[in-house]
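J.: give the three-dimensional model of this entry:
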Amino acid sequence: MYVNDDKLTFSIAPPATSPDKTLSTKPDPYSQTTTEDMAILLQEMYECAEYNTGLRTFYPDAFTQTECRQMIELFSGNQIGRLIELGVPPGTRVGSHGFFAFL
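T.: Purely as a prediction, here's the structure:
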């Protein structure tokens, strides 16, 4: 990964693994998502927090604008100092949780 600063350039070798081909995690095909789904969810959260629309449009009785703002604050508190945080200008607010992130 390179982010225009030689001090922040690094690489990680892939781990050596020996997967157990007899093991099945039996993923639920109805409990999966796509990156597009996650992007839409984050956009709807942002619109709810900023404009009182978004999630509130689809679930008017499930979320308040304040609750959407609290969700954004929770995501923004997860600072790890690498990954997406390295690729944005200093001072840019970045939030992430689990496998997704937003700017």
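
J.: against residue 39, how distant is residue 45?
T.: Distance of residue 45 to residue 39, given as CB to CB, to the nearest Å: 11 Å. Any C-beta I mention is one placed from the backbone N, CA and C, and that applies to glycine too.

J.: next one: residue 93
T.: From residue 93 to residue 39 the distance is 17 Å (CB to CB).

J.: residue 88 - how many residues pack around it?
T.: When neighbours are counted by other CB atoms under 10 Å, residue 88 registers 13.

J.: next one: residue 48
T.: 25.

J.: sorry, back to before: looking at residue 45 and residue 39, which is more packed in?
T.: Taking neighbours as other CB under 10 Å, residue 45 and residue 39 compare with residue 45 leading, 21 against 12.

J.: where does that one land on pLDDT?
T.: Predicted confidence (pLDDT) for residue 45: 91.

J.: so which helix or strand takes in it?
T.: Secondary structure from DSSP states H and E places residue 45 in helix 35-51.

J.: that helix - contacts with which helices or strands?
T.: Counting contacts by 3 or more CB pairs under 8 Å, 6 or more residues apart in numbering; DSSP states H and E, helix 35-51 packs against helix 55-58, helix 65-76, strand 100-102.

J.: element containing residue 32?
T.: Applying DSSP H and E, one finds residue 32 in no helix or strand.

J.: count of residues packed around it?
T.: Residues near residue 32, counting by other CB under 10 Å: 8.

J.: got a list of what it touches?
T.: The contact partners of residue 32, taken as CB atoms under 8 Å, 6 or more residues apart in numbering, number zero.

J.: pull the contacting residues for residue 89.
T.: Residue 89 touches nothing, counting by CB under 8 Å, 6+ apart.

J.: is it fair to say it lies in a helix?
T.: No: using DSSP: H, G, I helix; E, B strand; the rest coil, the secondary structure at residue 89 is coil, not a helix.

J.: of all the helices and strands packed on helix 35-51, which one comes closest to residue 22?
T.: Closest to residue 22 of the helices and strands packed on helix 35-51 is strand 100-102 (CB to CB; 31.6 Å).
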